[in-house]
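> no sequence for this one, just the structure:
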């Protein structure tokens with residue numbers, strides 16, 4: 001595993017310490033088995049996203065979705081595994097899983113649904129008005145002429 005030294009960046013910047021944590025979390029996630037269950041991240045619009053996870057065999061009660069600060073965590077564990085079942089071949093993985101997704105600032109989870117073995121988690125970026133770009137008007141500064149009692153001097 002490679003190690004990156006980000007200290008030169010932090011010498012000339014303020015408030016980017018979260019970036020270091022983001023890199024660390026990405027490397028830890030890559031080291032774990034992050035391929036189960038498979039998932040897609042889809043951009044649906046300018047400020048709309050969806051995470052779709054293939055969770056065949058799991059029900060709504062087997063999946064826990066939590067958001068804390070900017071971290072979305074999706075955990076799955078079968079509450080009641082099938083009893084007295086003898087598998088001749090088991091190709092549908094139903095092992096416990098945990099996925100963590102780092103969310104950008106102002107990204108909120110707007111809903112989740114489980115349909116046909118696919119878990120859809122909808123996300124929306126809601127930038128506050130104070131953070132949105134705004135247009136600044138430029139006013140021309142006309143040279144101030146001399147005025148005598150409300151009339152322009154010649």
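Noted; the coordinates are in hand. Computed from a predicted structure; not experimentally measured.
> Below-threshold pLDDT in the chain: ranges please.
Under the criterion pLDDT under 70, the flagged ranges of the chain are 1-34, 142-154.
> so what are the domain limits for it?
1-32, 35-128 (automatic domain parsing).
> Pull up the distance across the last one, start to finish.
Domain 35-128 has an end-to-end distance of 35 Å (CA to CA, to the nearest Å).
> which SSE is the residue nearest to residue 39 when sequence neighbours are not counted in?
Using CB to CB, 6 or more residues apart in numbering and skipping the chain neighbours, the partner closest in space to residue 39 is residue 53 (4.3 Å). All C-beta spots, glycine's among them, are computed from the backbone N, C-alpha and C. Per DSSP states H and E: residue 53 is located in strand 48-54.
> List the neighbouring strands of that strand plus their orientation.
strand 39-43 (antiparallel), strand 118-125 (antiparallel) (DSSP bridges).
> where exactly do the helices run in this structure?
Remark: helices assigned in the chain by DSSP state H are 7-11, 17-31.
> Highest mean neighbour count across the domains of the chain, which stretch is it?
domain 35-128 (a mean of 13; mean count of other CB atoms under 10 Å).
> hmm, back to that, quick one: residues contacting the residue nearest to residue 39.
Applying CB atoms under 8 Å, 6 or more residues apart in numbering, we find residue 53 in contact with 37, 38, 39, 74, 99, 118, 119, 121.
> thinking again about what came up before, just send the domains of the chain back as TSV, with distance to residue 138 too.
As requested, the domains of the chain are exported to TSV (distance: least, CB to CB, whole Å):
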stretch	distance to residue 138
domain 1-32	30
domain 35-128	25
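> that older thread, quick one: which of the contacts of residue 53 is nearest residue 57?
In terms of CB to CB, no member of the contacts of residue 53 lies closer to residue 57 than residue 37, at 9.8 Å.
> Torsion angles phi and psi at the closest one?
The phi and psi values for residue 37, taken as degrees, to the nearest 10, are phi -80, psi 160.
> give the contact list for it.
Applying CB under 8 Å, 6+ apart, the residues near residue 37 are 53, 54, 55, 56, 76, 93, 97.
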